[in-house]
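1. Show me how the following folds:
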Amino acid sequence: QVQLVESGGGLEQPGGSLRLSCAASGRTFSTYAMGWFRQAPGKEREFVSGISRIGEFSRYADSVKGRFTISRDNAKNMVYLQMNSLKPEDTAVYYCAAKRTDSGTYFTSRVNYDYWGQGTQVTISS
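-> From the prediction side, this is the model:
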């Protein structure tokens, strides 16, 4: 089992940047594929980005491609989401998720993930 704690959210102006962090508990972090999802008010939780166990593969939603970068540091049990050129439509609660897997790929569907953090609010507004 793994526990996830997100941080780094906040209020930012359009065009600005934020870096989200997700700290994972446990000693088997490298056996988990990781993902970031977000949920805006009145909308379903949607996929933002996913990364494979070792970090060699990643995937992005079309809405964030070219602006967001996912990365992980298995030595520190951390996964990050660097968000640049932020837009008001990026406003949402952002969730970190983990999936225990033996495969070397990422996952894009929320039903694939076994563990979730509590979320961190990101608000983009002038």
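
2. how about Q13, what does it touch?
-> 86, 124-126 (CB atoms under 8 Å, 6 or more residues apart in numbering). Glycine gets a C-beta too; all of them are placed from N, C-alpha and C.

3. Which two among those are spaced furthest apart?
-> Checked with CB to CB, the contacts of Q13 reach their widest spread between L86 and S126, with 11.0 Å between them.

4. shared neighbours of those two, anything?
-> Common neighbours of L86 and S126 (CB under 8 Å, 6+ apart) are 13-14.

5. For the two, indicate the residue with more neighbours.
-> L86 (22 against 8; other CB atoms under 10 Å).

6. Just give the nearest non-adjacent residue to the residue positioned nearest the centre of the chain, would you?
-> Ranked by distance to the mean C-alpha position of the chain (CA atoms, centre = their mean), the top residue is W36 at 2.3 Å. Nearest non-adjacent residue to W36, counting by CB to CB, 6 or more residues apart in numbering: V48, 4.3 Å away.

7. Mind checking the pLDDT average for the helix or strand containing the one you found?
-> Per DSSP states H and E, V48 falls inside strand 46-51. Confidence over strand 46-51 (mean pLDDT, whole number) is 98.

8. quick one: strands adjacent to that strand?
-> strand 32-39 (antiparallel), strand 58-60 (antiparallel) (DSSP bridges).

9. and of these, who's closest to M78?
-> Closest of these to M78 is strand 32-39, at 9.6 Å (criterion: CB to CB).
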